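Student: Have a look at this prediction, sequence included:
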Amino acid sequence: MDLLPDRVAWYVVGPLIGLLVAGMFALANKPLGASGAYVQTIAAIRKRASEPWRAWYFAGILIGAVGASALQGKLQLRTGYELMLDLWSLPTTVLVLAIGGVVMGYGARMAGGCTSGHGLCGTSARSVASFTATATFMSVAIGVTFALHWLTGGQL
């Protein structure tokens, strides 16, 4: 028996994320972002974390994903890039993903946060910089999607 649906409805998850963001501001006056959690996890490994709770948040993301997959009865290792692997060789797919990861990491560092930090926390705090960053993230994502769709003849 499956305990969780394939995808939880947006009208359930959206308000829960909103409550989480508001709760973090209310309890700690801190934004909640994935790139900050990643950075603090690396810092915790090096014994230099200024906010070690973010490492637990990062671990919770991973544990939650595995737990949700197990509750669905579909515990399996997936990349999410099966369409790319069907279209391109493994080295080409790895190269494209590596370049994309570097560009995203650089952009998140230069923007002072990632899509979750700016898009969820920054915009809810009415930060002009976060609205600008989120508009930039979304515009680039839409452009890259159209470019990949065009370059692959509609296969991606």
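Tutor: All right, it came through fine. Residues are numbered from 1 along each chain as shown.
Student: what sits up against the worst-scoring helix or strand of the chain on mean pLDDT?
Tutor: Least confident helix or strand, the chain: helix 115-116 with a mean of 84, by mean pLDDT, DSSP states H and E. With CB atoms under 8 Å, 6 or more residues apart in numbering as the test, helix 115-116 has contacts from Leu32, Gly33, Ala34, Ser35, Ala108, Thr134, Phe137. For glycine as for every other residue, the C-beta is placed from the backbone atoms N, C-alpha and C.
Student: Let me know the closest of the residues you listed to Glu82.
Tutor: Distance to Glu82 across the contacts of helix 115-116 (CB to CB) is lowest for Ala34, with 23.0 Å.
Student: Around the closest one, how many other residues sit close by?
Tutor: Counted with other CB atoms under 10 Å, residues neighbouring Ala34 total 18.
Student: Which one of the contacts of helix 115-116 sits in the busiest neighbourhood?
Tutor: Using other CB under 10 Å as the neighbour criterion, Gly33 leads the contacts of helix 115-116 with 25 neighbours.
Student: mean confidence for the biggest helix by length in the chain?
Tutor: Longest helix in the chain by number of residues, with DSSP state H as the criterion: helix 128-151. Regarding helix 128-151, the rounded mean pLDDT is 93.
Student: Give me the buried positions along it.
Tutor: Residues of helix 128-151 classed as buried by neighbour count (16 or more other CB atoms under 10 Å): Ser130, Ala133, Thr134, Phe137.
Student: what's the farthest-apart pair in the residues you listed?
Tutor: Using CB to CB, the buried residues of helix 128-151 reach their maximum pairwise distance at Ser130 and Phe137, which is 10.2 Å.
Student: what's the overlap in contacts for those two?
Tutor: Residues touching both Ser130 and Phe137 by CB under 8 Å, 6+ apart: His118, Gly119.
Student: any low-confidence regions in this protein?
Tutor: By pLDDT under 70, the weakly predicted segments of the chain are 1-6.
Student: List the contacts of Thr136.
Tutor: Ala111.
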